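1. 3D model of this:
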Amino acid sequence: MNPKRILVAGGAGLMGSTIVDRLTPDLENRVIVLDNLSRRRLDNLSAAIERDNLTFVDGDIRDREQLRDVVNGIDVVYH
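-> Next up, the predicted model:
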């Protein structure tokens, strides 16, 4: 199976962090979380943040320039 780059927008929220917890045990995949933490907590990612295949990006999907950079090379998006 080919490794995938997966973006989880809002990944620090309840639903997003649940998705992240399901994705990160597969170390073949690279998981990127984009969240501005305005209504979420980084500690929702406490288990996954320890894994080498997770990257947290403090940002907002409304920032088009940042979003363009983050989605570059992404295979799958969860939002």
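2. Just the element for the most centrally placed residue in the chain, please.
-> In the chain, the C-alpha closest to the average C-alpha coordinate belongs to Val33, at a distance of 1.9 Å (Cα atoms, centre = their mean). Element membership of Val33 [criterion: DSSP states H and E] is strand 30-35.
3. What pairs with that strand, parallel or antiparallel?
-> Sheet pairing here is set by DSSP bridges, and for strand 30-35 it gives strand 5-9 (parallel), strand 54-58 (parallel).
4. Off-centre distance for the last one?
-> Between the centre of strand 54-58 and the centre of its host chain there is 6 Å, according to Cα atoms, centre = their mean, to the nearest Å.
5. quick one: Ala9 and Val31 touch, right?
-> No: taking contacts as Cβ atoms under 8 Å, Ala9 lies outside contact range of Val31: 11.9 Å. All C-beta spots, glycine's among them, are computed from the backbone N, C-alpha and C.
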